[in-house]
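A.B. asks: sequence? don't have it. structure:
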């Protein structure tokens with residue numbers, strides 16, 4: 001028996017947040033993703049992090065410019081932006097993580113990344 005798909009009105013709304021990592025040396029995607037998740041977990045806890053529905057999109061992370069996109073729930077957008085600001089260290093390298101902009105569609109978030 002196959003499950004019925006969820007109708008659009010019941011799906012979780014999502015937002016795309018573009019971000020930039022400023023550091024002295026290049027930081028790999030895995031390290032950025034892990035640091036962002038740990039920051040969200042310490043800020044919001046397990047329940048808040050799970051309800052945020054955060055997904056760091058690997059295919060949109062540009063390691064040369066250190067810019068990327070995170071998909072989040074529309075209700076947790078501010079929480080994820082706050083956890084980005086709290087990231088200060090990635091793999092022993094001091095970093096600054098900042099939000100470039102947010103959008104409801106992926107194409108516009110790609111424009112922020114460049």
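C.D. replies: On my side now, so go ahead. Note that the coordinates shown come from a computational prediction; the quantities given were computed from them, not determined experimentally. Numbering: from 1, shown residues only.

A.B. asks: wait, residue 51 sits on residue 73?
C.D. replies: Yes: counting by C-beta atoms under 8 Å, a contact exists between residue 51 and residue 73, whose distance comes to 6.8 Å. Using the backbone N, CA and C atoms, a C-beta is placed for each residue, glycine as well.

A.B. asks: can you give me the helices for this structure?
C.D. replies: With DSSP state H, the ranges of helices along the chain come out as 29-52, 77-86, 106-113.

A.B. asks: ignoring the adjacent residues along the chain, who's closest to the residue nearest the centre of the chain?
C.D. replies: In the chain, the C-alpha nearest the mean C-alpha coordinate belongs to residue 70, at 2.8 Å (C-alpha atoms, centre = their mean). Distance criterion C-beta to C-beta, 6 or more residues apart in numbering; nearest residue to residue 70, sequence neighbours excluded, is residue 17 at 4.8 Å.

A.B. asks: equivalent analysis for residue 40, please.
C.D. replies: Here the nearest residue to residue 40 in space, its sequence neighbours aside, is residue 83; by C-beta to C-beta, 6+ apart that works out to 4.3 Å.

A.B. asks: what do you get for residue 69?
C.D. replies: Closest residue to residue 69 in three dimensions, ignoring its sequence neighbours and counting by C-beta to C-beta, 6+ apart: residue 60, at 4.3 Å.
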